[in-house]
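Engineer: give the three-dimensional model of this entry:
(2 chains, ligands or ions: 3)
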Amino acid sequence: MNNQLKVSLPGLELKNPIIPASGCFGFGAEYAKYFDLSCLGSIMIKATTLEPRFGNATPRVAETPSGMLNAIGLQNPGLDVVMSEKLPALEKYDLPIIANVAGSCEEDYVAVCAKIGDAPNVKAIELNISCPNVKHGGIAFGTDPDVAYELTKAVMKVTKVPIYVKLSPNVTNIVPIAQAIDAGGADGLTMINTLLGMRIDLKTRKPILANQTGGLSGPAIKPIAIRLIHQVSQITDLPIIGMGGIYTADDVLEMFMAGASAVAVGTANFTDPYICPKLIEALPQRMEELGIESLEQLRKEVRENRR
Amino acid sequence: MKQEMMTIISQIKIAPKIFELILKGKLVKEMKTPGQFLHIKVPQADLLLRRPISLASIDQKKETCTVIYRVEGVGTESLSLLKKNDFLDVMGPLGNGFDTAFVKPNDRVFIIGGGIGVPPLYQLSKELKQRQAKVVHLLGFAKKEVIFYEEEFRALGETYYSTDDGSYGILGHAGNLLVKARKVGEPSAVYACGSNGLLKMVEQNFSTHPHAYLSLEARMACGMGACYACVCHLQKDETGTKSKKICDEGPVFPTGEVIL
Ligand SMILES: Cc1cc2nc3c(=O)[nH]c(=O)nc-3n(C[C@H](O)[C@H](O)[C@H](O)COP(=O)(O)OP(=O)(O)OC[C@H]3O[C@@H](n4cnc5c(N)ncnc54)[C@H](O)[C@@H]3O)c2cc1C
Ligand SMILES: Cc1cc2nc3c(=O)[nH]c(=O)nc-3n(C[C@H](O)[C@H](O)[C@H](O)COP(=O)(O)O)c2cc1C
Ligand code: FES
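Structural biologist: Ligands and ions are numbered 1, 2, ... in the order given. Below is the predicted model of the structure:
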């Protein structure tokens, strides 16, 4: 193998750009029964909060045309269990881990960010200020530039690893939010989180999801992700990890052309548990067909061609 | 091996909206426990989520397995259009299935099923028969026409039916059958699959029974324990923060464990 798939981002030297997205891959253990996780670029683990969370009532998922809604509600075993069990279990793989961090107030975020970087394999934090499925926190931090700025600054003070802030598409204008996070000192951005949606069961005449609304993901949101990544990459030099509807090698390259420096794959894992290794395998040939020498080269080109 | 493009050996309609699908492939070797399910990718690209369908029968010699499903929505509709020799993307077997290891010859065992919850009970009954248990089937359906596999169940043991409209067997639900069967003799094991109402009825009857098992349903995404879509609460959990995942910690649970 040559280095055509290698990408380098703050804190993250990735052998390839494919990262399972947070919430779609648990803490890796389940998918490890399907393939060797060492082949991945990295893993974004399930959102971790200070205390354990049960999450929302069920049903928590619903299908939509070329997409799905989820309202899991950030269920996770809490920081202590993640530090003592989940992260150590991933140490046997040759993998940098990106820890997805959520909270219901600034102090929670700060407390988790201060500690989770102590795990030797956590090389970066993805700050989830864009979860649409919890009442407190989550998206409330990601839709107001001032709040996003303050939170970014607060976690930057305590963290030992680079921080990537995860942006919500559920805003009228994403630019001021991205600028606020940039000004707050973040090392990078990840985008996009899910879009708020709803489906109704014709038999019960009520929303399918117990939470009523949920986050839309999958190919249905890909054009929105592409547009937002393109838009944000014009106004900031922060590296962007792109996600939203990736199913094919072409989707990966389209994200790069929009301005991404690596990508995360979420919903596709549910359709095909082997999707990540398949994408890694498919990329070189597709790049050759399109005359792309390496992903770093492509990144450089995209940056230089910015308006 | 955990996923395969299996070959369709046959697909036939066995009752209104109900199909029997026989699949062949190497994956069958992994299918060992009744009550486990397959996670099926229906052949329609815009439907991203797999459909969980229980194993109804397993034939290791022929390398085939059977699933029985009812057309409910777009996914099962599209599945029902597949023909012999078509391929189907199957993940599995998933979940834990029914525990039968403790069953001894001549044990009186109740199998309680309702409607489209009945399919996994067929393979279960075959295995119990091999263990020489005395199986009593208590099966509830909406009406006579939607009953399937009647002869197959009768060949394995006593079989009683109830229908919601009284068109076959006794009028009412499977709970009425249970009352009668308990009068004849208490069971040393109970297995149930069906609507939430049926499961609750069995839970109430056998909440402290050491060998009573319920097979649950949930909307799923990953089907293997990674996404937390399919959780249920535990009965003995004051904090309300503990949960079990139906896909990989179930779908079968002993009574007294989870909240229905
Ligand atoms: C462990 C398990 C075993 C099952 N075994 C069988 C079986 O042997 N035979 C059978 O006919 N049915 C079975 N079901 C139910 C079956 O999964 C649903 O009927 C089916 O998914 C409906 O798909 P659809 O595309 O026709 O419906 P749609 O309503 O179009 O489906 C939309 C989405 O909702 C999900 N969904 C809808 N209804 C259910 C449901 N009742 N349970 C779970 N997910 C649902 C679908 O999987 C899909 O993701 C089982 C369910 C579970 C959880
Ligand atoms: C079931 C499910 C759970 C998710 N959980 C989280 C989470 O815990 N934290 C988070 O930041 N994003 C979460 N997401 C959002 C994804 O990480 C991703 O941003 C989004 O799904 C878009 O990518 P996709 O279209 O490839 O799925 C979740 C998505 C799904 C479908
Ligand atoms: S369906 Fe994903 S955890 Fe059960």
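Engineer: just give me how far stretch A:281-289 sits from the chain centre.
Structural biologist: The chain centre lies 24 Å from the centre of stretch A:281-289; the measure is C-alpha atoms, centre = their mean, to the nearest Å.
Engineer: and for stretch A:198-208?
Structural biologist: That offset, for stretch A:198-208, works out to 29 Å (C-alpha atoms, centre = their mean).
Engineer: for chain A, what spans make up the helices?
Structural biologist: Assigned by DSSP state H, the helices in chain A fall at A:79-81, A:87-89, A:106-116, A:145-158, A:175-183, A:222-235, A:249-258, A:268-271, A:275-289, A:295-304.
Engineer: the longest one vs helix A:249-258, what angle?
Structural biologist: Going by axes from the mean of the first three to the mean of the last three C-alpha atoms, to 10 degrees, helix A:275-289 is angled at 70 degrees with respect to helix A:249-258.
Engineer: returning to that earlier point: could I get the helices of chain A as JSON lines with distance to ligand 2 and mean neighbour count?
Structural biologist: All C-beta atoms are positioned from the backbone trio N, CA, C, and that covers glycine. As requested, these are exported to JSON lines (distance: least, C-beta to the nearest ligand atom, whole Å; neighbours: other C-beta atoms under 10 Å in any protein chain shown):
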{"stretch": "helix A:79-81", "distance to ligand 2": "14", "mean neighbour count": "16"}
{"stretch": "helix A:87-89", "distance to ligand 2": "16", "mean neighbour count": "16"}
{"stretch": "helix A:106-116", "distance to ligand 2": "13", "mean neighbour count": "20"}
{"stretch": "helix A:145-158", "distance to ligand 2": "15", "mean neighbour count": "18"}
{"stretch": "helix A:175-183", "distance to ligand 2": "15", "mean neighbour count": "20"}
{"stretch": "helix A:222-235", "distance to ligand 2": "7", "mean neighbour count": "19"}
{"stretch": "helix A:249-258", "distance to ligand 2": "9", "mean neighbour count": "21"}
{"stretch": "helix A:268-271", "distance to ligand 2": "6", "mean neighbour count": "24"}
{"stretch": "helix A:275-289", "distance to ligand 2": "10", "mean neighbour count": "17"}
{"stretch": "helix A:295-304", "distance to ligand 2": "19", "mean neighbour count": "15"}
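Engineer: could you report the separation of the residue of chain A most remote from its centre from residue B:218?
Structural biologist: Within chain A, the residue lying farthest from the chain centre (C-alpha atoms, centre = their mean) is residue A:203, at 34.8 Å. As judged by C-beta to C-beta, to the nearest Å, residue A:203 and residue B:218 stand 18 Å apart.
Engineer: kindly report the same for residue B:96.
Structural biologist: For residue B:96, the distance to residue B:218 - C-beta to C-beta - is 14 Å.
Engineer: how about the residue of chain B found nearest chain A, nearest residue that isn't a chain neighbour?
Structural biologist: Here the residue of chain B nearest chain A is residue B:226; by C-beta to the nearest C-beta that distance is 3.6 Å. Spatially, and ignoring its direct neighbours in sequence, residue B:226 is nearest to residue A:26 (3.6 Å; C-beta to C-beta, 6 or more residues apart in numbering or on different chains).
Engineer: spell out which parts of chain B neighbour chain A.
Structural biologist: Contacts of chain B with chain A, taken as C-beta under 8 Å from any C-beta of the partner chain, map to B:2-3, B:41, B:45-50, B:75, B:91, B:218-233, B:240-243, B:248.
Engineer: hmm, the longest strand belonging to chain B in reach of ligand 1?
Structural biologist: When chain B is parsed with DSSP state E, its longest strand is strand B:3-15. No - contact of strand B:3-15 with ligand 1 (C-beta under 6 Å from any ligand atom) is absent, the minimum separation being 11.3 Å.
Engineer: what's the following helix or strand after that strand?
Structural biologist: Sequence-wise, the next helix or strand downstream of strand B:3-15 (DSSP states H and E) is strand B:18-24.
Engineer: and that following strand, what does it pack against?
Structural biologist: Judged by 3 or more C-beta pairs under 8 Å, 6 or more residues apart in numbering or on different chains; DSSP states H and E, strand B:18-24 is in contact with strand B:3-15, strand B:64-70, helix B:74-80.
Engineer: avg pLDDT for the first one?
Structural biologist: For strand B:3-15, mean pLDDT rounds to 97.
Engineer: residues contacting the residue nearest to residue B:63 when sequence neighbours are not counted?
Structural biologist: Nearest non-adjacent residue to residue B:63, counting by C-beta to C-beta, 6+ apart: residue B:28, 4.8 Å away. Residue B:28 makes contact with B:58, B:59, B:60, B:63, B:64, B:65 under the criterion C-beta atoms under 8 Å, 6 or more residues apart in numbering or on different chains.
Engineer: pretty sure residue B:28 is in a helix, no?
Structural biologist: Yes - under DSSP: H, G, I helix; E, B strand; the rest coil, residue B:28 falls within a helix.
Engineer: quick check: it vs residue B:100, distance?
Structural biologist: 19 Å.
Engineer: please apply the same query to residue A:110.
Structural biologist: Applying C-beta to C-beta, the value for residue A:110 to residue B:100 is 52 Å.
Engineer: then residue A:106?
Structural biologist: Taking C-beta to C-beta, one finds residue A:106 at 53 Å from residue B:100.
Engineer: for the stretch 1-150 of chain A, which segments are assigned as strands?
Structural biologist: With strands called from DSSP state E, counting those that start in this stretch, the stretch 1-150 of chain A shows them at A:7-9, A:12-14, A:18-20, A:43-44, A:61-64, A:67-70, A:97-101, A:122-128.
Engineer: below-threshold pLDDT in the stretch 1-150 of chain A: ranges please.
Structural biologist: Low-confidence segments of the stretch 1-150 of chain A, defined by pLDDT under 70: A:1-2, A:132-139.
Engineer: and if we set it to 50?
Structural biologist: A:1 (pLDDT under 50).
Engineer: quick one, what contacts the one residue sitting closest to the centre of chain A?
Structural biologist: By C-alpha atoms, centre = their mean, chain A has its centre lying nearest to residue A:21, at 4.8 Å. Residue A:21 makes contacts with A:44, A:243, A:264, A:265, A:266, as judged by C-beta under 8 Å, 6+ apart.
Engineer: from what I can see residue B:80 touches residue B:14, true?
Structural biologist: No - the criterion here is C-beta atoms under 8 Å, and residue B:80 misses it with residue B:14 at 11.6 Å.
Engineer: what residues does chain B have near ligand 1?
Structural biologist: Listed as neighbours of ligand 1 in chain B under the rule C-beta under 6 Å from any ligand atom: B:37, B:49, B:51-54, B:67-70, B:72-76, B:116, B:119, B:217-220, B:251.
Engineer: grab the nearest non-local neighbour of the residue in chain A positioned nearest to ligand 1.
Structural biologist: Going by C-beta to the nearest ligand atom, ligand 1 is nearest to residue A:63 of chain A, at 4.2 Å. Distances taken as C-beta to C-beta, 6+ apart place residue B:49 nearest to residue A:63, at 5.0 Å, with adjacent residues excluded.
Engineer: how about the secondary structure of the one you found?
Structural biologist: Assigned with three-state DSSP, residue B:49 falls in the coil class.
Engineer: Provide the backbone phi and psi angles at residue B:227.
Structural biologist: Per-residue torsions, residue B:227: phi -110, psi -10 (degrees, to the nearest 10).
Engineer: quick check, pLDDT for it.
Structural biologist: 97.
Engineer: isn't it right up against residue A:26?
Structural biologist: Yes - checked against C-beta under 8 Å, the pair residue B:227 and residue A:26 is within contact range at 7.0 Å.
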